[in-house]
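[1] need a structure here:
(2 chains)
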Amino acid sequence: MSLSKLADIDRRVFYWILFIALMVPFLSPIGFPITIAPNTQDLYDGVTGDEVGEGEVWILNFGYGVSAWSECHPAVTVCTKALFREGAKIIITGTHYDVELTYNKLLDTVPDFDDKVYGEDYVFLGYMTGGESVVAQLGSNIASVFPQDHFQTPYDDIPMLEGIEDHSDIAGVLSSDTGDYGGHFMTQWQSAYGTKLAEIGIAMNGSTDLPRWQAGNFFGVSVGSRGGAELELLIGELGEATTAMDSISVSHLLLILAIILGNIGVITDKLGGKN
Amino acid sequence: MAYPTATLDVIGLWVGWFLMLMIYSLPLYKENVAYRFAEHLFIGVTLAITAITNFSNIMRMCVTPLMQGDILMIVPLILGLMIFTMLIPEYRWISRYPIAIMVGAGFGLGIRGTIKPNLQDAIIDTITAPTGGGLVDWFNYIWVAVGLVCSILYFMLTYEHSGVLKTPTRIGRLFLMIALGGYFGNTVLFRFTMLTGRAQFFLQVLKLIPM
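    Okay, the predicted model is just below:
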C-alpha cells in the first residue's frame, strides 16, 4: 500500500478503533501516572484545612448537565466531600435544566450525605435561569431568586437558611460549568464583593479559566476529568475520574497517531506529486 | 452507585444503551432510520424538558409572587409576552423594547464587574514580572508579553500591516492561530472525554465493569 493512501483511510475505521480502544482500559487498567497541577492543588487547599470554617455556608452551582458528568462530576464530588468534612454547609443551585439529575448523582457519589441532614447541613434550591442577571440578583438577595427550595419548601422555613440573605453570608462559591457561569460569579460576586470563588470546568474552559486563576480571580481551578482525577488523588479516594483517565489517555494517543498517519499520507502524496 | 434493581430503572438503562448505539450508528456505519429516530427523540425530549423547566421557573419566580401581591412582577411578565410579538410581522417592532431592556440591563451588569477581573487583574498579571522564578517562568512572561502586544497590533486596522507593522502583525497572527488551535484542541479533548464516559456506560450496562 502506498503511504499516500494513509490520508484517505475511511474515518469510520478510526471511529471503530477508537470506540473499541476506549473500552480496553476499563477492562484492563493501565495505570498511567497522574501528577498534581498547581491550579488543582490550590482548589483542594481552598476547600480544606484552615480555609474552611465549621458552619460556613458555601454555594455549589451546577452549570453542567448529564453530558458533562464525566468531566465535572468527579471534581464536584471531591470538593463536596472536602467541604462536608470541614463542617461546612452547602447550598446547591443549578443553571442547567437537568440539575435535578446531577443533584441525585451527587447524593449517590458522596457518601457523606448519609450523615448530613437536609435543610440543616445542605439544601437544594434548584434551577435558576437568567444568566449574569440572576447571578447578580443572587448576590443581593438569595430569597428573591429562590422563594422556595426545589421541593417547594418556603425559603424561610429552611433552618439552614435562617440569616442567610445575600453574598455577605456566603463563605465561598464553587461554580462547575460547561458554559461561563463561573465568569458571571467572577464579575458579580468575586469582583463586586470579594467572595472566594473556584471553578470546576470542562477541558474546553481551561484556556479561559486558568488565566483567571493566575490573575487571582479564582482561588483554584479544576480542568476536566484530569482535574477530577488529581483531586481524587489528593483526597485519597480514587473514583470515576481516575478510572477514566487511562481511557482518556488512550484516546489522546490514538488521536496523535491519527494526526501523524494523516500527515505522513499528505506529505507523501505531495512529494509524489512533485516527482 | 450500584446496578439498579427496580424494573423501571433497568428498562431505562437499557433504553439509554440502545439509544446511544442508535446515535453512534451514524459515525460507525452511515445515516440510517435508527439514527434518525434517536436524533428526533432526543431533540423532542430536550425541548420538552426545557419548556417545562422554564415554565416552572416563570411560575416560581414571577407568577407566584404576583398572585401573592407583589404587583411589580407584572412588569417582567408583560415584557416577556411582548417578545412574542416577533411572530406577528406588523407588530414586530414591539418586541424591540423588551430586547433593548434586556441588552441594556445585561450590558450594565456586565460592565459593573468586568473591568476589574477581565481587564485590570488580567493586565496586572500579564505585566508583573516573575519574582524569584526560574528560566521557564521568565520565558513564559516574555512569551505572553510578546504575544499580547503582537496580537493586539494585528487587530489595529487603521494602519496598513506593512513597514514597521509587518513583522509584529505576522507574529500576532501566528499567536492567534496557536491560541485558536489550543481552543480547538481543548474542545476535542472534551468530546473525547464524553466518548470515554459513553464507553464506560456501554460496559457498565453489560455488567462487564461495576457501575
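[2] Spell out which residues of the stretch 151-275 of chain A are next to chain B.
    Applying Cβ under 8 Å from any Cβ of the partner chain, we find that the stretch 151-275 of chain A lies next to chain B at A:186-188, A:190-192, A:202-207, A:211-212, A:214-217, A:224-225, A:243-244, A:247-248, A:251-252, A:255. (Glycine included, C-beta is placed from N, CA and C.)
[3] repeat that with 7 Å
    Applying Cβ under 7 Å from any Cβ of the partner chain, we find that the stretch 151-275 of chain A lies next to chain B at A:186-188, A:190-192, A:202-204, A:206-207, A:211-212, A:214-217, A:224-225, A:244, A:247-248, A:251.
[4] So residue A:125: helix, strand or coil?
    With DSSP: H, G, I helix; E, B strand; the rest coil as the basis, residue A:125 sits in strand.
[5] Not counting sequence-adjacent ones, nearest residue to it?
    Sequence neighbours aside, residue A:146 is the residue nearest to residue A:125 in space, at 4.3 Å (criterion: Cβ to Cβ, 6 or more residues apart in numbering or on different chains).
[6] one step back: any of the residues of the stretch 151-275 of chain A next to chain B buried? List them.
    With neighbours counted using 16 or more other Cβ atoms under 10 Å in any protein chain shown, these contain these buried positions: A:186-188, A:190-192, A:202-204, A:206-207, A:211-212, A:214-215, A:217, A:224-225, A:244, A:247-248, A:251.
[7] Keep only those of those that are in helices.
    A:191-192, A:206-207, A:211-212, A:214, A:224-225, A:244, A:247-248, A:251 (DSSP state H).
[8] and which of those is nearest to residue B:132?
    Of all these, residue A:214 has the smallest distance to residue B:132: 16.4 Å, by Cβ to Cβ.
[9] How far away from the center of its chain is stretch A:169-188?
    Between the centre of stretch A:169-188 and the centre of its chain there are 12 Å (Cα atoms, centre = their mean, to the nearest Å).
[10] pLDDT below threshold where in chain A?
    Filtered on pLDDT under 70, chain A yields the residue ranges A:1, A:273-275.
[11] Name all residues that make contact with residue A:258.
    Counting by Cβ atoms under 7 Å, 6 or more residues apart in numbering or on different chains, residue A:258 touches residue A:14.
[12] buried ones in the helix or strand harbouring it?
    Assigned by DSSP states H and E, residue A:258 belongs to helix A:240-274. Within helix A:240-274, the residues scored as buried using 16+ other Cβ under 10 Å are A:240-251, A:254-255, A:258, A:265, A:268-269.
[13] Please apply the same query to stretch B:136-152.
    For stretch B:136-152, burial by neighbour count (16+ other Cβ under 10 Å) applies to B:141, B:144, B:147, B:148, B:150, B:151.
[14] ok, now stretch B:197-211?
    Quick answer for stretch B:197-211 (16+ other Cβ under 10 Å): B:197, B:198, B:199, B:200, B:201, B:202, B:203, B:204, B:205.
[15] Specify which member of the residues you listed is nearest to residue A:236.
    If you rank these by distance to residue A:236 using Cβ to Cβ, residue B:200 comes first, at 22.3 Å.
[16] wait, is the closest one part of a strand?
    No. Counting by three-state DSSP, one finds residue B:200 to be helix, located in no strand.
[17] Is it correct that it is in contact with residue A:246?
    No. Between residue B:200 and residue A:246 there is no contact under Cβ atoms under 7 Å: 11.0 Å.
[18] got a list of what residue 165 touches?
    By default, I'm working from chain A. Applying Cβ under 7 Å, 6+ apart to residue A:165 gives the contacts A:141, A:142.
[19] oops, chain B please
    Per Cβ under 7 Å, 6+ apart, neighbours of residue B:165: B:153, B:159.
[20] what do you get for residue B:60?
    residue A:147.
[21] Which residue would you name as the spatial centre of chain B?
    Nearest residue to the geometric centre of chain B (Cα atoms, centre = their mean): residue B:187, 11.1 Å.
[22] try chain A
    Note: chain A centre (Cα atoms, centre = their mean) maps to residue A:72, 2.8 Å.
[23] Find the helix or strand that residue 78 is a member of.
    If you meant another chain, say so; for now it's chain A. Going by DSSP H and E, residue A:78 is part of helix A:69-85.
[24] ah, I was thinking of chain B
    Using DSSP H and E, residue B:78 falls within helix B:74-83.
[25] after the strand or helix carrying residue B:34, next one along is what?
    Following DSSP H and E, one finds residue B:34 within helix B:33-58. Note on helix B:33-58: by DSSP H and E, the next helix or strand toward the C-terminus is helix B:64-67.
[26] ok, now how distant is the nearest residue to residue B:58 once chain neighbours are set aside from chain A?
    With Cβ to Cβ, 6+ apart as the criterion, residue B:58 has its nearest non-adjacent residue at 7.4 Å, and that residue is residue B:80. Separation of residue B:80 from chain A (Cβ to the nearest Cβ, to the nearest Å): 12 Å.
[27] measure residue B:80 to residue A:166 for me?
    Note on residue B:80: its distance to residue A:166, by Cβ to Cβ, to the nearest Å, is 26 Å.
[28] higher neighbour count, the two?
    Neighbour count, other Cβ atoms under 10 Å in any protein chain shown: between residue B:80 and residue A:166, residue A:166 has more, with 15 against 12.
[29] Quick check on the more buried one: phi, psi?
    Dihedral pair for residue A:166: phi -150, psi -160, per degrees, to the nearest 10.
[30] what do you get for residue A:62?
    Torsion angles, degrees, to the nearest 10, at residue A:62: phi -90, psi 110.
[31] for it, what are its contacts?
    Applying Cβ under 7 Å, 6+ apart, we find residue A:62 in contact with A:94, A:96, A:99, A:102, A:176.
[32] Name the nearest residue to the residue of the stretch 51-200 of chain A found nearest chain B, sequence neighbours excluded.
    For the stretch 51-200 of chain A and chain B, the shortest gap (Cβ to the nearest Cβ) falls at residue A:187, measuring 2.9 Å. Nearest residue to residue A:187 in three dimensions, chain neighbours excluded: residue B:113, at 2.9 Å (Cβ to Cβ, 6+ apart).
[33] Which of the helices or strands spans the one you found?
    Using DSSP H and E, residue B:113 maps to helix B:96-114.
[34] Just the buried positions in the helix or strand just after that helix, please.
    Following helix B:96-114 in sequence order, the next helix or strand is helix B:122-127 (DSSP H and E). By 16+ other Cβ under 10 Å, the buried positions in helix B:122-127 come out as B:122, B:125, B:126.
[35] follow-up on the earlier one: intersect the buried residues of stretch B:197-211 with the contacts of chain A.
    Restricting the buried residues of stretch B:197-211 to those touching chain A (Cβ under 7 Å from any Cβ) yields B:197, B:199, B:200, B:202, B:203.
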